[in-house]
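> Below is the structure, and that's it, no one-letter string:
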């Protein structure tokens, strides 16, 4: 039985669209290289289209789906991207139509068995499923980094859903029954102002739950801590995330 969709981001969809970090260009170049063709990529659980826009630089057509109407509503239009509201296990794509399926920072929300059935239906022979997740970030400056870690672990920590543990483990404990492809190491890095960092923290589902429970924005409190430490605007600081990627090709089933 397919589980009921629970939209964890309806309250933060606008912040998600504006402040989520971008993925490294090298990741998408590598995905295009290992795909059997570049006709069609399906970006599943696209959110507001972060990965879909990068895929469009390499594939003739991208279908980007998300079960969240709120997320699709704020997705940025692109001539090569078709956005759809659709569940992961019911894409609406034709049989054996996609060269590549991607899931960025979302596999931990899925009912995996029906999703993997859909993957096998939609991928062409030799097609690739690639999933990735990024864990706890680091901010330049030891004291600042300590403050943001405390915000993640202590302030909003109790409001992370249980699935967050899969993110922290880099998806290594999730079933992935496809012929594994060895993946390079990738890192996400950016330079953000304090306002951009705070916007990112407001895009977290845990922050949205904290606000719903307490009626106050915990990022406002953190801003008072960070402002005197950050430096004068428009000072930027380096922010980085480890990126864990798993990729597999349609073929022999594996148990790991």
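Arrived safely. These numbers come from a predicted model, not from an experiment.

> What average pLDDT does stretch 193-200 get?
Per-residue pLDDT values over stretch 193-200 give a mean of 95.

> Not counting that stretch itself, show me its contacts.
15, 18-21, 139, 148, 192, 219, 222-223, 226-227, 230, 233-237, 239 (C-beta atoms under 8 Å, 6 or more residues apart in numbering). For glycine as for every other residue, the C-beta is placed from the backbone atoms N, C-alpha and C.

> What of stretch 221-237?
Counting by C-beta under 8 Å, 6+ apart, stretch 221-237 makes contact with 139-141, 143-144, 147-148, 151, 155, 191-195, 197-198, 201, all of which sit outside it.

> leaving aside the residues next to it on the chain, what's closest to the residue most central in space within the chain?
What sits nearest the mean C-alpha location of the chain, by C-alpha atoms, centre = their mean, is residue 105, with 2.6 Å. Computed as C-beta to C-beta, 6 or more residues apart in numbering, the closest residue to residue 105 that is not its neighbour in sequence is residue 133, at 5.4 Å.

> before we move on, the earlier item: strands - which of the contacts of stretch 193-200 land there?
Cross-referencing the contacts of stretch 193-200 against strands under DSSP state E gives 139, 192, 237, 239.

> what's the second one in contact with, if anything?
Residues counted as contacts of residue 192 (C-beta under 8 Å, 6+ apart) are 200, 236-237, 239.

> Low-confidence ranges, this protein, go.
Under the criterion of pLDDT under 70, the regions of the chain flagged as low confidence span 1-18, 251-256.

> ranges for the helices of it?
Secondary structure of the chain by DSSP state H: the helices cover 13-19, 25-34, 50-55, 69-73, 112-122, 142-150, 164-168, 194-202, 205-214, 218-230.
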